[in-house]
Structure formats: structure tokens, C-alpha cells
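> Give me a 3D structure for the following:
(4 chains)
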Protein chains: 2
Amino acid sequence: MGLRSKACIMRVPIFNHLDDEKLEEIMSTIKTAHFEKGEIVYRAGQQSDSLYIVSKGKIRIYRLSESGREQLLRILKPGDFTGELALFRHSVHESFAEAMEETDVCIITRNDLQNFLLKYPTIALQILAEFSNRLDESERQAARVATERVETRIALYLAECMDNSGGSMEITLPMSRKDLASYLGTTPETVSRKLAELEAQGYIQQISGRKIRILDLDGLLE
Amino acid sequence: MGLRSKACIMRVPIFNHLDDEKLEEIMSTIKTAHFEKGEIVYRAGQQSDSLYIVSKGKIRIYRLSESGREQLLRILKPGDFTGELALFRHSVHESFAEAMEETDVCIITRNDLQNFLLKYPTIALQILAEFSNRLDESERQAARVATERVETRIALYLAECMDNSGGSMEITLPMSRKDLASYLGTTPETVSRKLAELEAQGYIQQISGRKIRILDLDGLLE
DNA sequence: CGAAATCTTGACCGATCTCAACTTACGTGG
DNA sequence: CCACGTAAGTTGAGATCGGTCAAGATTTCG
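Residues are numbered from 1 along each chain as shown, chains lettered A, B, ... in the order given. Presented below is the predicted three-dimensional model:
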């Protein structure tokens, strides 16, 4: 078990309130795995019994809808985890997970995790809190796609990026136009056009590919 | 504490694996409340520290998007619960809950619930399973709204109604056109039109307002 | 039985998707 | 370090799905 794994686990909100002894206990059950860019960590329909925690790299989580179109759900950074859905229900994945670059993950099996949960119930509360956040985000996103125009969705997304980038007026999009389009429920062409419009209206300034400066946040949000 | 409350609690998946003694313990902390049709159980932005379990009636859970449009998230039947989001995170509701008819709910406070979770960790696993289901549904719905045409969404919805109504070819929609439209991210007019089209194509037959007979499930799903 | 809400149908318009051409950025190997 | 090939992004034109507004039909419920 490398030091990186431990550093990884300690950074996970679910575990970082535990004392060293319990951490060691968890560490001892963890496996690690490495994925190259583009490799699939798991795919929909596949059996699963593990929780994956990203220790290095990025993972794209997406779904294929009934008609085969892709919907990007979220992007995992180090410290984020996935696989939960399969852990507490059918044990079949509903989504796909794909490494976006060289990525290391820590893996905890369902059995080990459930044992920890029963032994240290505070972990369960942490996971519940995390699930609540996910559910909130998912419902918010669903409501936006269902009720807002593309331009508004993009504006709201940019605003959220700003919140997360600590006050700076300049944000760096964490993904390509194609992924952004998939996340926002539109097409890359429309994303391009709408960003160009927002720029023409003076709300933003496109610096380079993924760098955008917010010039008028209030105007952006109408 | 009325018998109905106990019957209610026992029916909730989260609790129904518990033995009688623990059930009594939970029962002793529960309050009940009654709501008339149209009354608001809670609203977005409101402080919250309780889990609500429906014992009689129906509750509409919906969000208002940034632009003020309504998105129906789900409808609670007896045995279903809500309020979780506020329980494990900010403690502020993100959604609205409105009684659709005369409705009774059982209420457990955050403190009591968390104590139970720590004392009987198996409850936490049940809630985690329930959350997983919600998250899955929410993500699936988000993906559909983002990637499928209205007609497809309606068809998929009808198909799901069939699954839930046990093999019968005749389904009864659990909500009005307006709510269905809100749930599917469209308008009542479009729902009417698409249902009429599906009928013209011979896939379904509209019996009366909410009763629909499925004539060709495979055709419906293309 | 009648008022009010719900639902349906029609006409029109606009946002966004599709397809296609072109430009720019990026990574690889020489 | 540059050149090239490929992927990513942009822009345009046209088509269409679905939303809006409005009128009429139907159902619901007191």
C-alpha cells in the first residue's frame, strides 16, 4: 500500500474524520488499480461490488440514454468516489466510468465497506451526506435542462465555475466543449454559438480554449 | 400514537426489517401531522430538521428552477419519505412538498434519526439503498430530458407505468397532464399532441382522461 | 346544472439541432 | 523544434421540434 493511497484515503470526506487506527484498518483492505487515458473503469450493465476512489487523475462518469446518446454526469477528481449506486442496490452499474488521463484508483469491496459502515456508523452518515449532495445536484441539473434555455444553462454553469474558483474573475473550464455540451444537454455547436453571443453582449471574454474571463456576472445571470 | 402511524412505519422499507422492540422505540419519537389538499408541507429555502414519512395521501415534490418554472420531481405515496436532503446537509430544503389530497405524515427529527442510525447501523444501509435508487432515477431522468425527444420520453414513461402495473395492458396515469408535462420537461399541450399521435399510429388507445391501453409496446419503444 | 379547471386542437414562431465547410489547437515523430 | 495529421472548435444555412397564444371541448365538482 503506497503512501499515495493513504494520502488519497485521508483526503476523502467520507473518511477524513476517522482516527489513525481506523484509517489503517481501512487501508489494509484497499486495493489499487491504474488506468490509462481512455480506459474504461466500469461500464453500464456490468456487475459491481466495489467503491472506487480516485487518488490521481480524472474520471468521466456518463450515461447512455435509451437512444444511445451520451450524457455526461460528472467528472471525478482525486478524492472523489464512485460506484456507490452498485454498492447498495442491484449491484449493476447504470453508468460508464472512463479515465480521462493516467489515473490511479483505490478500491474497496462491498463487503469490506459494509463491515466498516456497521462498525463505524459515522462513516455511513458521511456517505449519506455525500449522497444528499449528489442527489441535490442531479435534481437541480435535471430541473435546469427541463426548464431553462441553453443560454441560461451555460450562464448558470459559468457562474458555478466562478464560485468554485475562489473569487477570481477568470475561470478554466474543466472539460472540452463536447463534454460541456453533453453535460448541459446540448451540442458543441450550440455551446460555441452561445459563448460567442455572451461575448458579443459583453458579459464574458474568451481568452483561449478553456479560459474565460467573466466581465459582468450580474448581467450574465440576467 | 395512532395505529395508522405504526402501520405506516412498518411499511417503510427503511424500517421494516427491524424487530418490534426497535420499532416501538422509533414510534415513541414520532410526531404526526395532517395536511389538507394544496397545503405546503415544506418549501425551498426553509430550514428543516425532519424526515417526513407519508402515512396517508399523496405529496407532490417539485423544484422551481432559476427562472421560476416548476419541475415535478416525484410523487410520494404512503410509505415513501422525503426531507432527506435537508437532513444530512445544509438543513435547507431545495424543493417544495405539497399535499395533493388529505394527507397524514409521520415526522422524525434529525436528532432522533441520527441517533437511531448510529445505534442501529442497518437502518443506515437501508437509507443508503433508498438514496441510491433515487439517485439512479434522478440521473436517468436527467439523461432522458437532456437527450431524448418528447415523444420518446412519453413512450418511455408509459412503458414504465406498464412495468409497475403488473402486466395489465391498461394503465392509469398517476397524475394530471400538467404534472406529467412538468415531470417530463415539456408542456401540457405537447403531451396532448404526442399522446394523440401515438394513438393515431396505433401504439396506444386513450380510454378516458388518465386511462390508457397499450396496444403495441414494442412499436411504442421503436 | 353550471362554473371553473383541465384538456385538446390549431396556427405560428423561434430556439436549437443537423449537416457541412472551414479554422484552430494539439500531439507525435522526424 | 518544426511539420504534419488528426482532433477539437467555430461558423453558416436550413430544417424541425416543441413552445406560446388562443379558441374550443370536455371533465370535474360543488
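
> Which residue ranges of chain A form strands?
Counting by DSSP state E, chain A has strands at residues A:31-35, A:40-42, A:50-56, A:59-64, A:70-76, A:81-82, A:96-99, A:103-109, A:170-172, A:204-208, A:211-214.

> Show me which positions of the lowest-mean-pLDDT helix or strand in chain A end up buried.
When the helices and strands of chain A are compared on mean pLDDT, DSSP states H and E, helix A:3-11 comes out lowest with a mean of 73. Buried residues in helix A:3-11, counted by 16 or more other Cβ atoms under 10 Å in any protein chain shown: A:5-6, A:8-9. Using the backbone N, CA and C atoms, a C-beta is placed for each residue, glycine as well.

> circling back to that earlier point, for B:Phe88, find the nearest of the strands of chain A.
Across the strands of chain A, B:Phe88 has its closest neighbour in strand A:81-82 (16.3 Å, Cβ to Cβ).

> and the closest one, which strands flank it?
Sheet pairing here is set by DSSP bridges, and for strand A:81-82 it gives strand A:50-56 (antiparallel).

> now the partner strand, how far from the chain's geometric center?
Put simply, strand A:50-56 sits 12 Å off its chain's centre (Cα atoms, centre = their mean, to the nearest Å).

> Repeat that for stretch A:125-142.
Distance of stretch A:125-142 from its chain centroid, counting by Cα atoms, centre = their mean, is 12 Å.

> what about that stretch and chain B, touching?
Yes. Contact of stretch A:125-142 with chain B (Cβ under 8 Å from any Cβ of the partner chain) involves A:125, A:127-129, A:131-136, A:138-142.

> returning to what we had before: for the strands of chain A, which one sits closest to DNA strand D?
Of all the strands of chain A, strand A:204-208 sits nearest to DNA strand D, with 6.1 Å by Cβ to the nearest atom of the strand.

> From the contact counts, what lies against the closest one?
Where contact means 3 or more Cβ pairs under 8 Å, 6 or more residues apart in numbering or on different chains; DSSP states H and E, strand A:204-208 is packed against helix A:188-200, strand A:211-214.

> Please name whichever of these is nearest to B:Leu76.
Comparing these against B:Leu76 with Cβ to Cβ, the closest turns out to be helix A:188-200 (36.1 Å).

> The closest one close to DNA strand D?
Yes. For a cut-off given as Cβ under 7 Å from any atom of the strand, helix A:188-200 has contacts with DNA strand D, namely A:188-189, A:191-193, A:195-196.

> now the strands of chain A as CSV including mean neighbour count, mean pLDDT and distance to A:Leu180?
Formatted as CSV, the strands of chain A follow (neighbours: other Cβ atoms under 10 Å in any protein chain shown; pLDDT from 0 to 100; distance: least, Cβ to Cβ, whole Å):
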stretch, mean neighbour count, mean pLDDT, distance to A:Leu180
strand A:31-35, 15, 93, 23
strand A:40-42, 18, 94, 21
strand A:50-56, 23, 92, 20
strand A:59-64, 21, 95, 12
strand A:70-76, 21, 95, 8
strand A:81-82, 22, 92, 20
strand A:96-99, 21, 95, 16
strand A:103-109, 22, 93, 20
strand A:170-172, 15, 93, 12
strand A:204-208, 14, 93, 13
strand A:211-214, 17, 94, 11
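
> In TSV, list the ones you listed along with distance to B:Glu70.
Converted to TSV, those look like this (distance: least, Cβ to Cβ, whole Å):
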stretch	distance to B:Glu70
strand A:31-35	42
strand A:40-42	36
strand A:50-56	36
strand A:59-64	25
strand A:70-76	22
strand A:81-82	31
strand A:96-99	32
strand A:103-109	40
strand A:170-172	30
strand A:204-208	29
strand A:211-214	29
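
> Got the domain ranges for chain A?
Following automatic domain parsing, one gets these domains for chain A: A:3-146, A:148-220.

> if you compare those, which one is most tucked away?
Ranked by mean neighbour count under mean count of other Cβ atoms under 10 Å in any protein chain shown, the domains of chain A are led by domain A:3-146, which reaches a mean of 18.

> Just the residues of stretch A:125-142 next to chain B: which are in helices?
With DSSP state H as the criterion, helices contain A:125, A:127-129, A:131-136, A:138-142 from among these.

> Kindly state the beta-bridge partners for the nearest residue to A:Met169 once chain neighbours are set aside.
Counting by Cβ to Cβ, 6 or more residues apart in numbering or on different chains, the nearest residue to A:Met169 once its immediate chain neighbours are dropped is A:Ile214, at 5.2 Å. Beta-bridge partners for A:Ile214, by DSSP bridges, are A:Ile204.
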